[in-house]
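>>> Sequence and predicted structure below; questions after.
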Amino acid sequence: MPTIQATPLQALGYAIFQAAGLPQDQARIVTDHLVESNLLGHDSHGIIRLPGYVQGLLKGTLKPAGNNTIVRERPAAVVMDAGGGSGIVTAYQAMGMAVQRAKQHTFGAVAVHHSGHIGRLGAFPPLAAHAGCIGMILLNGGARFTAPFGGVGRRLPPNPLSISVPTRNGLPMTLDITTSMVAGGKVELAHARGQSLPTHWMIDAQGRAVVDPAVFWHDDIAMLPFGGPAGYKGYGLGIMVDAIAGGLSWAGCSTAQPTRGGSGFLALAIDIDSFIDLDDFKGEMQILADWVKSSPTLPGVERIYLPGEVEEETRLRRTVEGIYIEPSTWEKIAEVAQGLGISTPALM
């Protein structure tokens, strides 16, 4: 598969997003977010998103961030209308605001509606962890393609969540999951790469397995909740994320026509020093990590990973080897660039 190094890919993204209407600083934030997602191995949330974002900017359905309106405010909490601005930029802003309030009031929370796609959730809670807080973000977002446990109808979005805590080694321990089997972008990525899906991801209206990613957006096809055929825990977690993120953000919970369109998110920060000295907390994280990693491994398993460690290994490898981009994705990116008068670098 063709590859490209991160630096020329970033330069291309900066140029494209600025030409499409993002200010320079926001073009860099969005591009760096996408490229980092690729470096970490989350290609479904990486540069494959660029053509869609650019299309939104050119059509006016996606706007630069900055037209935020505070619609409710308390000492520790804010509800914000993002005005259709870039979700990635807005989510970084929201987490930063949550941390500021947590430092003053122990807890800080910012709920947002009417923003664009916020990308990879795992990028945002580490901002809180690096500031000595626990960070969390919950989203009732994405298209509603997930069936409830025991059902076959498309009722819930993937409803992802991410949690991050600081550690002694400087790398926050970060969980980033969807409550559906996978994010919709992983199905789109499989389609772009000409791959079939595992049999436990999607079902049709009769409950039969669907392995063709090309039919993902058909109304009679749904994704199973996390856990697959036994996904009652994923379903339960997903509906609670929907309740919290949709209910508190004013976006509205999932239904045929959510109150303000759905796709609301909640960024939450908890100041650790309000409960325990930060160094003592990090010590407890080290105790936890050492204990978990001391487990004997299954045959063929070399080591136990903490949440976030696989991604960091992938980052190191891809920084050297380059980022893998399927030809169909690169063709779409090149087409967008050409339309904006920007040349594209060659793939390796």
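Arrived safely.

>>> Excluding sequence neighbours, find me the nearest residue to I342.
With sequence-adjacent residues excluded and distances taken as CB to CB, 6 or more residues apart in numbering, I342 is closest to A15, at 5.0 Å. For the C-beta atoms, the positions are set from N, CA and C on the backbone; glycine is no exception.

>>> and stretch 140-153, what's its mean pLDDT?
For stretch 140-153, mean pLDDT rounds to 96.

>>> for the residue nearest the centre of the chain, what are its contacts?
With distances taken as CA atoms, centre = their mean, R120 lies nearest the centre of the chain, 2.2 Å away. Going by CB atoms under 8 Å, 6 or more residues apart in numbering, R120 touches 33, 36-37, 40, 42, 45, 176.

>>> What about these, which are in helices?
33, 36-37 (DSSP state H).

>>> hang on, the earlier thing: now, among the contacts of R120, which is nearest to P148?
The closest of the contacts of R120 to P148 turns out to be D176 (CB to CB; 22.9 Å).

>>> which ones are touching the closest residue to that closest one other than its chain neighbours?
Counting by CB to CB, 6+ apart, G122 is the residue found nearest to D176 once chain neighbours are left out, at 3.1 Å. For G122, the contact set (CB under 8 Å, 6+ apart) comprises 40, 42, 162, 164, 174-176, 308, 311.

>>> just so I have it, where are all the helices in the stretch 151-300 of the chain?
Per DSSP state H, counting those that start in this stretch, the stretch 151-300 of the chain carries helices over the ranges 184-192, 232-241, 247-249, 278-293.

>>> chain center to the longest one, what's the gap?
Its chain's C-alpha centre lies 26 Å from the corresponding centre of helix 278-293 when counted by CA atoms, centre = their mean, to the nearest Å.

>>> same thing with the shortest one?
Remark: helix 247-249 is offset 19 Å from the chain centroid, using CA atoms, centre = their mean.

>>> for that helix, packing partners?
The helices and strands touching helix 247-249, judged by 3 or more CB pairs under 8 Å, 6 or more residues apart in numbering; DSSP states H and E, are strand 107-113, strand 265-271.

>>> got a list of contacts for that helix?
With CB under 8 Å, 6+ apart as the criterion, helix 247-249 contacts 79, 109, 111-113, 140, 253, 264-266.

>>> mind giving me JSON lines with these and columns for neighbour count and distance to G21?
Putting the contacts of helix 247-249 into JSON lines (neighbours: other CB atoms under 10 Å; distance: CB to CB, whole Å) gives the following:
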{"residue": "V79", "neighbour count": "20", "distance to G21": "27"}
{"residue": "A109", "neighbour count": "22", "distance to G21": "31"}
{"residue": "A111", "neighbour count": "26", "distance to G21": "27"}
{"residue": "V112", "neighbour count": "31", "distance to G21": "21"}
{"residue": "H113", "neighbour count": "25", "distance to G21": "22"}
{"residue": "N140", "neighbour count": "33", "distance to G21": "28"}
{"residue": "C253", "neighbour count": "18", "distance to G21": "32"}
{"residue": "G264", "neighbour count": "30", "distance to G21": "24"}
{"residue": "F265", "neighbour count": "32", "distance to G21": "23"}
{"residue": "L266", "neighbour count": "26", "distance to G21": "28"}
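
>>> and the end-to-end length of stretch 256-276?
In stretch 256-276, first residue to last residue: 45 Å (CA to CA, to the nearest Å).

>>> what about the strands in this structure?
Remark: strands assigned in the chain by DSSP state E are 3-4, 69-74, 77-81, 107-113, 133-139, 161-165, 173-177, 202-203, 209-210, 222-223, 265-271, 323-324.

>>> Show me what stretch 267-276 is in contact with.
Contacts of stretch 267-276 (CB under 8 Å, 6+ apart): 91, 94-95, 97-99, 101-103, 106-112, 124, 128, 131-138, 166, 278, 281, 284.
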